[in-house]
Structure formats: structure tokens, C-alpha cells
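K.L.:
Just to be clear, the model below is a prediction. Sequence and coordinates:
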Amino acid sequence: MDLDATLETGHPTVLWHRLADGRVQCDVCPRECRLHEGQRGFCFVRGRWRDAVVLATYGRSSGFCVDPIEKKPLNHFLPGTPVLSFGTAGCNLGCRFCQNWDISRSRAVDTLADAASPQDVAEAAVRLGCRSVAFTYNDPVVFLEYAVDVAIACRERGVRAVAVTAGYVNPAARDALVPHMDAANVDL
Ligand code: SF4
């Protein structure tokens, strides 16, 4: 899939506004990227398409893994249980020490090999005996619409949602994400 196609099929978002100079500004994180048509933000996964900001990675995962919840690391949340870790691609930070740099700084959409609806992710967690799903590998802030829908699908099945995030987020986006999370680890 070429890069424009991932924007063309992108998921609508609402946390942005129009600027007087014709650009649109993404309001999800403090970078507040100001975008011309067809341009992507710093995170590379939110971009402007047909005069609106879309999320290019909705429903597409960079991979899944079953981990102990202590690996997130959370030591007092469902201790001793497995968690389904998954992520997408892109990040709103550019840490040079990132241990997941190949995912978080990916510019290759081929990284997003697996199509996974929110229901698919939640049902995979149930099938694999996981008590929770963790949004990890890259920061859920940049894919918050997908993370929220996965969290809703998980809660409907009795599965909890965990955010692993740097917390680099604007208040409105934080308020959209946090009520759907059952636990969080905020670090780099
Ligand atoms: S979420 Fe991405 S596009 Fe939006 S302001 Fe942050 S880095 Fe820019």
C-alpha cells in the first residue's frame, strides 16, 4: 500500500482545527503539527487528507505478543496474569534511545502487516487467555481513536485496557483516552 493510500483510507479524527492561513492543526499532542493537504505530522500516522486530519493506522497492527503484565511494567494490576501487547506504528516523540525505534519511527507502512479490527483484538485477547490488552510498542496517543475503540471492545468482553505512554498529550486528547484505560505506565 503506498503512503497516500493509507491516508485515503484513514480513519476520521476530530481533534484538529482549521487555521487562518489554510493549514489545519492537529491538536492531539503538544507538537500541534500544522498541515498542508497530503502532509503528515511528526508522528507520521496522522495526516491531512481531503481537508481533514485522518489516522492512517486505524485497524492495522505492527504485531501482537502475549507477555506477563509485570513486563509493562505493572506490579499491582492483575498480578501474575498474561496481557496481550500490541501496537501500531509511529510516535510523537523521537527518542534516540528508543528500544522500539523500528516500529515507533517506522516510515514503512509494511510494518503494519496485520489488519485487526477492535473486535479482532479483543477476541484474540479472550482466546489467548489474556486478562488485559496493552497499547504498547508505540504510544497510543498517536492512535487514540483506535486505542479507544479497542478498549471499548475489550471492556465488553471483560478484558481490561492498559496504556503504555510517554504522556506527551494535549488535555482534550488525554481526556478522550484516559477514561477508557484501566491502568497506565507513563514513561519513555
Ligand atoms: S499526534 Fe502526530 S500529527 Fe498530531 S500533533 Fe502530535 S505529532 Fe503532530
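P.N.:
Looks like it arrived, so ask away.

K.L.:
Let me have stretch 35-43 in CSV, keeping just the CA atoms, if that works.
P.N.:
Only the C-alpha atoms of stretch 35-43 are listed here, as CSV (Å, rounded to 0.1, in the frame of the first residue of the first chain):
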residue,chain,number,x,y,z
LEU,A,35,-0.5,20.5,7.9
HIS,A,36,-1.0,21.2,4.2
GLU,A,37,-3.0,18.9,2.1
GLY,A,38,-1.4,15.4,1.9
GLN,A,39,1.2,16.2,4.6
ARG,A,40,1.8,14.1,7.6
GLY,A,41,2.5,15.1,11.1
PHE,A,42,5.7,14.4,13.1
CYS,A,43,4.2,11.1,14.2
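
K.L.:
Is it in proximity to the ligand?
P.N.:
Yes: among the residues of stretch 35-43, 41, 42, 43 lie within reach of the ligand under C-beta under 6 Å from any ligand atom. For glycine as for every other residue, the C-beta is placed from the backbone atoms N, C-alpha and C.

K.L.:
Next up, the contacts around the second one.
P.N.:
Listed by C-beta atoms under 8 Å, 6 or more residues apart in numbering, the contact partners of residue 42 are 31, 33, 92, 94.

K.L.:
Just the buried residues of those residues.
P.N.:
33, 92 (16 or more other C-beta atoms under 10 Å).

K.L.:
Which pair in the contacts of residue 42 has the greatest spatial separation?
P.N.:
33 and 94 (13.2 Å; C-beta to C-beta).

K.L.:
Mind picking the one among the contacts of residue 42 that's closest to residue 130?
P.N.:
Using C-beta to C-beta, the contacts of residue 42 come closest to residue 130 at residue 92, 26.7 Å.

K.L.:
how close does that closest one sit to residue 41?
P.N.:
Noted for residue 92: a distance of 8 Å to residue 41, by C-beta to C-beta, to the nearest Å.

K.L.:
what sits in contact with each of these two?
P.N.:
With C-beta under 8 Å, 6+ apart, residue 92 and residue 41 have common neighbours residue 31.

K.L.:
ok, how many other residues are close to residue 176?
P.N.:
18 (other C-beta atoms under 10 Å).
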